[in-house]
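Asks: Just need the structure, nothing else, for what follows:
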Amino acid sequence: MKLLVVDGTNVVMRCASVQTGVPRERVIASAGRMIRRAAEEFIHPSHLVVAFDAPGASFRAALYPAYKANRADRAGESTGWGMQACGIFETTGIYCSFVEGFEADDVVATIAARVVTADEDSEAHILSGDSDLLSLAGDRVHCWQFGRKNVPGDEALVIERTPQWIADKYGVSSPRLLNDYKALVGEPGDNIEGVRGIGPKRA
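Replies: This is a model prediction of the structure:
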């Protein structure tokens, strides 16, 4: 099996952020086209699943109430988009998944890990702009991100982020250490503080 598992919440909200004022159905259709193009032109999977944030709070909010509190004004927005996208995608033959109490990247990581654990001949390909998922990159887990326009080497729709690329970007010897690195420097986007006095270089 060659599975492509997509962080659907990430892709849909990426499209929404650059298509302001566009009807939601058109934004979702655009996200669907991006996913299909990435699959057909770059990754060529045998199977495809798209994961979304589940409605309601994730388990992280119970453990750490300040989690994403800096985004409280958008509470539920991504979930609303995701659930509508899930309904539209499934009518076009794209299988979708979400699990109560978890976010899309949790589902993505779990599915990818289970696929490569269950069958040594299988590989998982992850498509997401969420850098947290890069910690999974390895021999049979491949991480892809959307390219950025006007950046040399990033002209493609999607680009594989290899373990070497991850090591070079973050200064870690292995993608597995990326979570430790982020624990030290913090994650401002999620309202998570790092260790005081430790920045990217010291981490």
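Asks: which ones are touching the residue most central in space within the chain?
Replies: The structure's the chain has its C-alpha centroid closest to Ser128; by CA atoms, centre = their mean the separation is 3.2 Å. Contact analysis of Ser128 by CB atoms under 8 Å, 6 or more residues apart in numbering lists 6-7, 10-11, 104-105, 108, 143-145. To be clear about C-beta, it is placed using only N, CA and C from the backbone, and glycine gets the same treatment.
Asks: ok, now with 10 Å
Replies: The contact partners of Ser128, by CB atoms under 10 Å, 6 or more residues apart in numbering, come to 5-11, 14, 51, 104-105, 108-109, 134, 143-146.
Asks: What of Val27?
Replies: 12-21, 81, 84-85.
Asks: residues in contact with Ser46?
Replies: Per CB under 10 Å, 6+ apart, neighbours of Ser46: 1-4, 122-123.
Asks: Would you map the helices across this protein?
Replies: With DSSP state H as the criterion, the chain has helices at 8-18, 24-37, 59-63, 77-91, 104-118, 163-170, 178-185.
Asks: Single out the most deeply packed of those helices.
Replies: Stretch with highest mean neighbour count among the helices of the chain: helix 8-18 (a mean of 22; mean count of other CB atoms under 10 Å).
Asks: For burial, what's the neighbour tally of Asp53?
Replies: A count of nearby residues for Asp53, using other CB atoms under 10 Å, gives 27.
Asks: From Arg26, how far off is it?
Replies: Asp53 is 21 Å from Arg26, where distance means CB to CB, to the nearest Å.
Asks: What residues does Glu120 make contact with?
Replies: Neighbouring residues of Glu120 by CB under 10 Å, 6+ apart: Arg140.
Asks: and if you look at Arg60?
Replies: Contacts for Arg60 (CB under 10 Å, 6+ apart) come out as 67-68, 101-103, 106, 190, 192.
Asks: Much appreciated, bye for now.
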